[in-house]
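Enquirer: Sequence first, then the predicted structure, then my questions.
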Amino acid sequence: MPPVISDMFLGGSAPRLQRIKLWEVPFPTLPKFLLSTRSLVELHLKDIPSTGYIPPDVMATSLVMLTRLRSVWIGFLSGGSFPKKLTTQCPPPSTRTVLPALTAFTFGGVSEYLEDLMTRIDAPLLDNLDLQFFDQPTSGVPQLPQIIHRIEKFRTRHKADIDFYYYGAKISLTSGCLIGGGRLRLEFECDGLGRQLSLLEQVFSQCFPLLSHVDALELFDVDMQAYQDSTLWLPFLRPFIAVRSLLFRDPGSMDQIADVLGDLTEERASEVLPMLRTIQWVPDFDWDEVEPWLIPILQPFIDAREISCHPVEVP
């Protein structure tokens, strides 16, 4: 274990300091120290151990003087870094800590800490939000919509990339702006594709207004997990009511979604992804090898969309 940084670090004051980057280093007196670092532009605290835990209200208050701060990274070592009883039952503060220069915020930990912290911070220029949650419950992240809606650039159309891993799922949203677009990444630790889909269904229901602006959806299943249960896949797809392009980066995810879509006939085919126009693949594998088995699976869906005057092309 590294030694704990004391309140005598740099004499307790560093008015010209611009960057702080600590990795697995406990610094429990950091809030007091930050009151003297008004020139700070980067604050990166990675893998914070339990001995370096700082309550979210104290953390927010310690940032109040950092008007030049552009990048914040607060990541905890594990779920054991938090107190056993961490709740967000306290009412939100009447005033927030304003960070006028902050553009990038990265967090790794439990949702209760993030929700409490973000209710105390206002960052009008924030356009890059990267969140990783430990041991996430199936109830999702209740305050996530309030956190995300502050990012002005995500109120326009954007693209969503969703990756499934053996240990979790990751959602990346990129703004459609050509210049100065925003980026949002959510990553959840959750094993098993069935449990991942259930968790994403909860998160999607909380963030429906955001997902309703997605016009391109790209899927990737790293481990090619077999899971064709449409009772979970369909709720996963339904929030994407504006998606026009469905893209795949591996045959495994394409096979799974194709099976689900292929079972949709007549009016059901128009209820899921109603604005869908193209199903595409990225050129990481040979289309000549995929086409013979993919098109027959998708054909019932393609025919049903043709009849309903909402045709879907598979290039």
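Expert: Happy to help now that I have it.

Enquirer: Sketch out the low-pLDDT regions of the stretch 201-315 of the chain for me.
Expert: 222-230, 283-287 (pLDDT under 70).

Enquirer: For the longest helix anywhere in the chain, buried residues please.
Expert: Counting by DSSP state H, the longest helix found in the chain is helix 287-307. Residues of helix 287-307 classed as buried: Val290, Leu294, Ile297, Leu298, Pro300, Phe301, Ile302, Ala304, Arg305 (neighbour count, 16 or more other Cβ atoms under 10 Å). To be clear about C-beta, it is placed using only N, CA and C from the backbone, and glycine gets the same treatment.

Enquirer: so where's the stretch 1-150 of the chain uncertain?
Expert: Residues of the stretch 1-150 of the chain that meet the criterion pLDDT under 70 lie in 1, 86-92, 135-140, 149-150.

Enquirer: swap the cut-off to 90 and go again
Expert: The stretch 1-150 of the chain contains residues with pLDDT under 90 at 1-13, 78-96, 110-112, 115-116, 118-119, 122-128, 133-150.

Enquirer: how about the helices in it?
Expert: 30-34, 56-62, 111-118, 144-148 (DSSP state H, counting those that start in this stretch).

Enquirer: which one of the ones you listed has the most crowded surroundings?
Expert: Neighbour counts (mean count of other Cβ atoms under 10 Å) averaged over each of these peak at helix 111-118, with a mean of 22.

Enquirer: can you redo the helices of the stretch 1-150 of the chain as CSV with distance to Ser270?
Expert: CSV is the format used below for these (distance: least, Cβ to Cβ, whole Å):
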stretch, distance to Ser270
helix 30-34, 55
helix 56-62, 45
helix 111-118, 35
helix 144-148, 28
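
Enquirer: quick revisit: quickly name whichever of the buried residues of helix 287-307 is closest to Gly182.
Expert: Of all the buried residues of helix 287-307, Gly182 sits closest to Arg305, with 32.1 Å by Cβ to Cβ.

Enquirer: from memory the closest one sits against Pro311, does it?
Expert: Yes: Arg305 lies in contact with Pro311 (Cβ atoms under 8 Å); the separation is 5.6 Å.

Enquirer: what about the strands in the stretch 51-200 of the chain?
Expert: Assigned by DSSP state E, counting those that start in this stretch, the stretch 51-200 of the chain shows strands spanning 71-76, 97-98, 104-109, 121-122, 128-133, 158-164, 168-175, 183-189.

Enquirer: so what does the third one touch, helix or strand wise?
Expert: For strand 104-109, the contact count by 3 or more Cβ pairs under 8 Å, 6 or more residues apart in numbering; DSSP states H and E identifies strand 71-76, strand 128-133 as packing neighbours.

Enquirer: CA atoms only for that strand, dumped as PDB, please.
Expert: The C-alpha trace of strand 104-109 is given here as PDB (Å, rounded to 0.1, in the frame of the first residue of the first chain):
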ATOM      1  CA  ALA A 104     -14.400  16.400 -19.800                       C
ATOM      2  CA  PHE A 105     -15.500  14.300 -16.800                       C
ATOM      3  CA  THR A 106     -14.700  10.700 -16.100                       C
ATOM      4  CA  PHE A 107     -16.000   8.600 -13.300                       C
ATOM      5  CA  GLY A 108     -15.600   5.000 -12.100                       C
ATOM      6  CA  GLY A 109     -17.500   3.700  -9.100                       C
END
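
Enquirer: Kind regards, and thank you for your time.
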